[in-house]
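> Next one to model:
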Amino acid sequence: MLSSANADLSARWNRLRGEQPTLRIRDAAMALGVSEAELVALGIGTTATPLAANWRSILSEMPSVGRVMCLTRNEHCVHERHGRFEDVQVAGPHGLVLGPDIDLRLFLGGWKHGFAVREPLKQGERLSLQFFDNAGEAVHKIYATDETDRAAFDALIARHRAEAPDALAVAPRASDKVDRPDAEIDVEGLRQAWRAMTDTHEFIGMLGKFKVGRVQALRLVGDEFARELPPRALRSAMEMASADGTPIMIFVGSGGCIQIHTGPIKRLVEVPGWFNVLDPTFNLHLREAGVARVFSVRKPTDDGVVTSIEAFCSNNRNILLMFGARKPGKPELEPWRNIVARIEKQAAS
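This next block holds a predicted model:
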């Protein structure tokens, strides 16, 4: 039986769904002033099964279920990728899923709650695993598809259901970190360290060493390494890559997962409020109004310069990163560099 508080929340959510039947659960949670995990947890005993917090075992067993759809999102971008879990590597709070289709970077220290969710449809049900952080915000979701082994998926859920689940408790989302004043940043030291990079993975450590925010660093480092572009440059880069077939990499992160698409993008579709990639195995949904700043960025590596386009919201949170498709030990694709150069030229004109 629901508590009085949960019964009230359930009634408010039912009213909202009646008024806006197509409203996504994340947006419903925001409208109701609660977290998405709290709405999911209302279904415990009917549509939601709590999972034991053994994320490593769950992820390691995912190859057994066949093809799925993985979804990672932030406030302004949704990244959906179809494929199989193949090479799953989890050690402590960090993990990797490596494969031609499902490619994830996992930060499991931020995973606090998990549910198997069965959403009734007109025909059948939509089955998923959904994982949330301490604030009840979704960090990653895995959906069954027509090509999923449903028996294997059901067996995985049965093995990992929480026998005596704790009551759901969510904490307020942590405040965004405030950058130090620009005058306190050793800009010349930052430039020298940037110039000395040999691998893109050194970048985050460099920001920490100089105690500088990511957008702040892009603003201060100078045109040799970063140039600010108009927000529409993000769409332009996708349109150019789609037009000439240049394979790209698109990274979208939540607080606990970064999901990566590698390959060409083809079908670009605009609907009110959203710019979309709608390809058979990859979908991207970008809320363009949330894109406040876009930069082209160059990082030196042992394989040559690696160029990215990076988008941020008004709170300086990263929305997505875009690169030319590449593997370690291989130089960057020249067609991708040409796309970025064209966009920079357009911005300067």
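
> Check which helices and strands the biggest strand by length in the chain is in contact with.
Ranked by number of residues, the top strand in the chain under DSSP state E is strand 138-148. Packed against strand 138-148, as judged by 3 or more CB pairs under 8 Å, 6 or more residues apart in numbering; DSSP states H and E, are the following elements: strand 66-73, strand 125-132, strand 257-263. The C-beta positions use only the backbone N, C-alpha and C, and glycine is treated the same way.

> State the next helix or strand along the chain beyond that strand.
Next helix or strand after strand 138-148 toward the C-terminus (DSSP states H and E): helix 150-160.

> in that following helix, what counts as buried?
Going by neighbour count (16 or more other CB atoms under 10 Å), the buried part of helix 150-160 is 152, 153, 156, 157, 160.

> Same question for stretch 236-246.
Per 16+ other CB under 10 Å, stretch 236-246 contains these buried residues: 236, 237, 238, 240, 241, 242, 246.

> How about stretch 166-175?
For stretch 166-175, using 16+ other CB under 10 Å, the buried residues are 168, 170.

> returning to what we had before: distance to residue 182 and pLDDT for the buried residues of helix 150-160 - can I get that in JSON lines?
As requested, the buried residues of helix 150-160 are exported to JSON lines (distance: CB to CB, whole Å; pLDDT from 0 to 100):
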{"residue": "152", "distance to residue 182": "54", "pLDDT": "98"}
{"residue": "153", "distance to residue 182": "51", "pLDDT": "98"}
{"residue": "156", "distance to residue 182": "50", "pLDDT": "98"}
{"residue": "157", "distance to residue 182": "50", "pLDDT": "98"}
{"residue": "160", "distance to residue 182": "48", "pLDDT": "97"}
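
> circling back to that earlier point, could you spell out the sheet neighbours of the longest strand of the chain, each with its direction?
Strand pairing for strand 138-148, determined by DSSP bridges: strand 66-73 (antiparallel), strand 125-132 (antiparallel).

> That strand relative to helix 150-160, how many degrees between them?
Counting by axes from the mean of the first three to the mean of the last three CA atoms, to 10 degrees, strand 138-148 points 140 degrees away from the direction of helix 150-160.

> Show me the beta-bridge partners of the most centrally placed residue in the chain.
With distances taken as CA atoms, centre = their mean, the residue of the chain nearest its centroid is residue 253 (2.8 Å). Beta-bridge partners recorded for residue 253 (DSSP bridges): residue 258.

> and it, how far is that from residue 166?
As defined by CB to CB, to the nearest Å, residue 253 lies at a distance of 27 Å from residue 166.

> Likewise for residue 35?
Taking CB to CB, one finds residue 35 at 16 Å from residue 166.

> And for residue 265, the neighbour number?
Using other CB atoms under 10 Å, residue 265 is surrounded by 20 other residues.

> what's it sitting at in phi/psi?
phi -120, psi 140 (degrees, to the nearest 10).

> Hmm, it is touching residue 248, no?
Yes. The pair residue 265 / residue 248 is scored as a contact, 6.7 Å apart, by CB atoms under 8 Å.

> so what sits against both of those two?
Residues touching both residue 265 and residue 248 (CB atoms under 8 Å, 6 or more residues apart in numbering): 238, 241.

> Residue 89 belongs to a strand, doesn't it?
Yes. Counting by DSSP: H, G, I helix; E, B strand; the rest coil, residue 89 is found in a strand.

> And for it, nearest residue in space, chain neighbours not counted?
Excluding the flanking residues, the one nearest residue 89 by CB to CB, 6 or more residues apart in numbering is residue 96, at 4.6 Å.

> next one: residue 304
Residue 304 sits nearest to residue 331 (CB to CB, 6+ apart), 4.7 Å away.

> how far away is residue 336 from residue 263?
Relative to residue 263, and taking CB to CB, residue 336 is found at 13 Å.

> These two: who's more crowded?
residue 336 (25 against 15).
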